[in-house]
Structures are given as structure tokens and as C-alpha cells.
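Q: need coordinates for the following:
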Amino acid sequence: MENCEAVYAEVKIRSDNALVTIPVTSRAKPQITSAMKEKWQKIIDITAKCMNVPAALIMEIREHEISVLVSSRTLDNPYSVGSSEDLRCGLYCETVLGKDSPLYIADAMDSAYWCDNPDIKLGMKSYLGFPVKWPDGEFFGTICVLDSIENPYMQGYAELMVLV
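A: Got it, this is the predicted structure:
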């Protein structure tokens with residue numbers, strides 16, 4: 001019998017300085033096929049191009065880490081497929097997942113909560129991200145876009161991201 005045991009991750013909500021436990025992809029879920037990843041790649045590439053940002057990503061969360069599953073093939077994108085970060089460090093995506101809601105940061109350097117976010121080291125200071133869930137409510141990860149400059153117009157694309 002297949003292992004259907006629930007899997008949880010602990011993420012840090014940076015603005016609250018709190019750790020939250022969330023359900024993440026269990027072992028019973030299907031694997032994402034290469035054909036599906038290629039479809040997602042096209043969506044992410046078009047999203048980055050339309051929004052004129054250096055990075056659009058689909059992030060996948062696991063029990064102890066979050067990793068880049070799909071990364072836009074755009075100039076100046078510092079994120080590569082397969083790269084990962086340990087959880088509980090306060091990444092933008094952790095707050096999206098911990099609060100189960102979108103997050104928009106026009107300029108992290110203007111925020112006491114975000115100015116030392118790990119993505120700043122990569123030059124990414126503007127962020128728009130949304131949670132992605134399986135139909136049963138377990139978190140798959142996030143879909144997000146990042147920019148190296150203050151990006152006040154990014155919020156206008158929020159409706160597009162919800163549709164993706």
C-alpha cells in the first residue's frame with residue numbers, strides 16, 4: 001500500500017516573526033511530469049516577458065526546503081531550476097504559504113521586515129507571489145515574480161497571476 005501519511009513543513013512568517021506549520025505535498029501525490037513542467041515553463045516565460053521582470057518562478061515546497069521547480073528563461077534571472085533554500089529563514093514565499101495569501105512587496109529595501117530577506121543577496125527586492133495548492137488543500141508551493149528594481153506596477157498584474 002502507498003504511504004499516504006501527511007507531510008508538514010514549518011515556514012517563517014517574517015512580518016510576525018512566527019513559525020507556522022502547513023501541510024505540504026504528501027507522498028500520495030502524483031509526480032509532476034516533464035510534459036507538465038514544459039507547459040509551466042512556457043507560462044512562466046510569457047509571464048516574465050509580459051511583466052518585464054527578470055524572474056518568474058514556480059516554487060515547490062517540501063518538508064524542510066523550498067526549491068525552484070520552474071524558472072523563467074529571462075535575462076538577469078539569478079534563479080536556476082533545482083536550487084533550494086532551507087525553510088525557516090523568512091523567504092518571501094514562506095510568508096505567502098504561512099499566511100495562505102498573496103504577498104506584494106514593491107521594494108523590500110523600504111521595509112524593516114524585508115530589507116535583510118535572503119533574496120536581497122540575489123538583487124531581488126520587488127516580489128509578487130501567490131500560494132499554489134493541490135485540490136485537497138495541501139500546499140504545492142508558490143508562483144511568483146521578482147524584480148531587481150522597485151516595482152510599483154507589479155500589483156496591477158496580480159489578476160493575471162491568479163489566473164496562472
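Q: pLDDT weak spots in this protein?
A: Residues of the chain that meet the criterion pLDDT under 70 lie in 1-4, 153-156, 158-164.
Q: what about the helices in the chain?
A: Ranges of helices in the chain, per DSSP state H, are 34-51, 92-99, 158-163.
Q: nearest to residue 59, out of those helices?
A: With CB to CB, the closest approach to residue 59 among the helices of the chain belongs to helix 92-99: 5.2 Å. For every residue, glycine as well, the C-beta is placed using N, CA and C.
Q: what comes up buried for that closest one?
A: 92-99 (16 or more other CB atoms under 10 Å).
Q: so can I have a markdown table of these showing distance to residue 14?
A: Below are the buried residues of helix 92-99 laid out as a markdown table (distance: CB to CB, whole Å):
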| residue | distance to residue 14 |
| --- | --- |
| 92 | 8 |
| 93 | 11 |
| 94 | 7 |
| 95 | 5 |
| 96 | 11 |
| 97 | 12 |
| 98 | 9 |
| 99 | 10 |
